[in-house]
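Novice: Structure of the sequence below:
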Amino acid sequence: MTMTDPIADMLTRLRNASAAKHETVDMPYSKFKAHIAEILKREGYIADFTAKEARVGQTLEITLKYGQHGEQSIQGIKRVSKPGLRRYAKSDALPMPLGGLGIAIISTSSGLMTQKECLEKGIGGEIVAYVW
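Specialist: Purely as a prediction, here's the structure:
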C-alpha cells in the first residue's frame, strides 16, 4: 500500500513518540524529511537525527529531546499544506505560530527554511508545518 503523505506520517510519528516519552523514533528516509529534521534540531525541538542503513533503503532515526522533569520539547506539531490542498504564503504574509513562539517550516525555491529565515531573505513559499 502506498503512502499518500509521507510528511504527515513523519509528523504523526514524532507527535506520538513524544507523547509516549520514547527516546527515539524511526521512519523511512527521504531528503525532505532529513531537511525537516535538520530544522527541528537547529531550532532545539529534537536532540539529534541520523540516517541508518536498513534491509531496503535507509531509515531516519530521530532522537527526541525532553526537559529536566520530562516535559516534551515538541508541545504541538501540525501539517499545514496537504497533497489535496496546498497552502502558500507570500514573503509579506508569512505565518507566525503562537505569535512567534513557534516556527513555521516553509518550502522555498532556496530549500526548506523557517518563517524567520524567509523574512530575512524576503521570500515566500509552501507552508509545510507548524511546530511549537
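
Novice: the helices in the protein, which residues?
Specialist: Here the chain has its helices, by DSSP state H, at 6-19, 31-42, 115-121.

Novice: Residue 81 is nearest to which of those?
Specialist: helix 6-19 (8.8 Å; Cβ to Cβ). Backbone N, C-alpha and C define where each C-beta goes, glycine included.

Novice: and the closest one, how far out from the chain's middle?
Specialist: 9 Å (Cα atoms, centre = their mean, to the nearest Å).

Novice: And that helix, what's buried?
Specialist: 7, 10, 11, 13, 14, 15, 17, 18 (16 or more other Cβ atoms under 10 Å).

Novice: And residue 32, how close does it get to residue 105?
Specialist: When distance is defined by Cβ to Cβ, to the nearest Å, residue 32 is 10 Å away from residue 105.

Novice: list residues touching both of these two?
Specialist: residue 112 (Cβ atoms under 8 Å, 6 or more residues apart in numbering).

Novice: Which one's more surrounded, the two?
Specialist: Taking other Cβ atoms under 10 Å, residue 32 and residue 105 do not tie; residue 105 has more neighbours (26 against 14).

Novice: where's that one relative to residue 71, distance?
Specialist: 22 Å.

Novice: Residue 121 now?
Specialist: Distance of residue 121 to residue 71, given as Cβ to Cβ: 33 Å.

Novice: more neighbours, these two?
Specialist: residue 121 (12 against 8).

Novice: for that one, what are its contacts?
Specialist: Applying Cβ under 8 Å, 6+ apart, we find residue 121 in contact with 110, 113.

Novice: Which of the helices of the chain sits closest to residue 80?
Specialist: Comparing those by Cβ to Cβ, helix 6-19 comes nearest, at 10.2 Å.

Novice: tilt between the closest one and helix 31-42?
Specialist: 40 degrees (axes from the mean of the first three to the mean of the last three Cα atoms, to 10 degrees).
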